[in-house]
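Q: Let's see this in three dimensions:
(one chain, ligands or ions: 4)
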Amino acid sequence: AKKKGRSGTAFFNGEMNQFQLERLQLENYLRHALEKNEMMLYYQPQYCLKESSISGFEALIRWNHPVLGIISPRDFIPLAEEMGIISDIGRFVMLEACKQLKIWHEEGNQRLSVSVNVSGRQLQSLDFIFEVKEILESTGIDPTFLHLELTETIMIENVQHSLNIMKELKALGIKLSIDDFGTGYSALSYIKDLPIDILKIDQTFIQNLLNDGYNKTDIAIVKAIITMCQVLMVDVVAEGVETAEQMALLKQFGCQHIQGYYISKPVDREAARKLLQKR
Ligand code: C2E
Ligand code: CA
Ligand code: CA
Ligand code: CA
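A: Residues are numbered from 1 along each chain as shown. Ligands and ions are numbered 1, 2, ... in the order given. Next comes the predicted model:
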């Protein structure tokens, strides 16, 4: 009988193709990336238009491999999920982000928040709530300033279970955010049933705002989302803001927060500290 490799491909059936070899190699590197200290966090500011200041940072993981160089999370996060090691990576990210938040708060930025991306598999894992509690306790941060970013797909795939976990997180005092809003099969109706504090409008809508002249449909969608959030008393963050025009338009629509290259690219913690001092 043929043996199956981890990726489900047959091994002794002739030669592995280049793609399979590269993937196996990547899996092997990824398995040891945390212990080899190759993972680190970058931070991208979230900017409050009302107060004209940075209100928080989103933590974004970076993998710097000595041979392969920088590998995008878009490439290795799905792989880590398939390999079943996403919880280890997720725990690392949350711990690092909370430690950094503690430092920022101690340095006088008491109202700053940190947003952490949580992947589907990670949320569903049995230890998740336990691990979150442990991190809150060990770092001693105020949970209101920890924002967890979940995507719509996570919530739709396993509605009841996800809802239970979200309620537990809310009970801990953590804030919940919907990431990439508008890209999934968003049924607007479920927004009002979920314990959501923040909604992030996906960057594709923002980038279409002014790119090739006015895109009337995208303007209408963005306006509608902002209005809906005002009614539901959910904070809005517009992602992927790259120009002054986009910012001005969003401000005009009543959007509270923006994030994007126009304010700053994701930066390391030293550069993040400088951004905070610039205020
Ligand atoms: P995301 O959560 O939607 O994060 C926003 C992504 O857009 C980031 O890419 C950020 O660098 C990029 N971005 C921010 N502003 C702009 C802009 O103005 N223009 C453009 N074109 N792009 C902008 P990044 O850091 O490469 O992350 C990609 C995705 O990987 C993230 O998308 C998120 O889904 C995932 N990811 C990143 N870090 C983590 C993590 O710690 N855990 C998990 N589970 N997923 C992560
Ligand atoms: Ca995110
Ligand atoms: Ca996003
Ligand atoms: Ca995303």
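
Q: and the longest strand along the chain, what's its mean pLDDT?
A: Scanning the chain for the longest strand, with DSSP state E as the assignment, gives strand 53-65. Confidence over strand 53-65 (mean pLDDT, whole number) is 98.

Q: same question, stretch 226-237
A: 94.

Q: contact partners of it?
A: For stretch 226-237, contacts defined as CB atoms under 8 Å, 6 or more residues apart in numbering pick out 46, 177, 188, 191-192, 196-201, 225, 250, 253-259. C-beta: built from backbone N, CA, C; applies to glycine.

Q: list the buried ones in it?
A: Of the residues in stretch 226-237, those scored as buried under the neighbour-count criterion (16 or more other CB atoms under 10 Å) are 226, 229, 234-237.

Q: Mark which of those are part of helices, please.
A: 226, 229 (DSSP state H).

Q: Run a quick neighbour tally on His65.
A: The burial metric for His65, expressed as a neighbour count using other CB atoms under 10 Å, is 17.

Q: Can you give me the separation between it and ligand 2?
A: His65 is 23 Å from ligand 2, where distance means CB to the ion, to the nearest Å.

Q: ok, back up a step: wait, which of the buried residues of stretch 226-237 is closest to ligand 1?
A: Proximity of the buried residues of stretch 226-237 to ligand 1 (CB to the nearest ligand atom) peaks at Val237, which lies at 10.6 Å.

Q: can you tell me how far Thr151 sits from Asp193?
A: Between Thr151 and Asp193 the distance is 17 Å, computed by CB to CB, to the nearest Å.

Q: what's near enough to touch Cys207?
A: No Cys there; residue 207 is Gln. Gln207 is in contact with 240, 242, counting by CB under 8 Å, 6+ apart.

Q: Say whether ligand 3 is contacted by the one helix or strand it maps to.
A: The secondary structure element spanning Gln207 is helix 203-210 (assigned by DSSP states H and E). No. In this structure, helix 203-210 remains apart from ligand 3 according to CB under 5 Å from the ion; the gap is never smaller than 6.6 Å.

Q: That helix: which residues count as buried?
A: Buried, per 16+ other CB under 10 Å, within helix 203-210: 203, 205-210.

Q: Spit out the contact partners of the residue nearest the centre of the chain.
A: Nearest residue to the geometric centre of the chain (CA atoms, centre = their mean): Asn117, 3.1 Å. Residues counted as contacts of Asn117 (CB under 8 Å, 6+ apart) are 58-61, 93, 149, 179.
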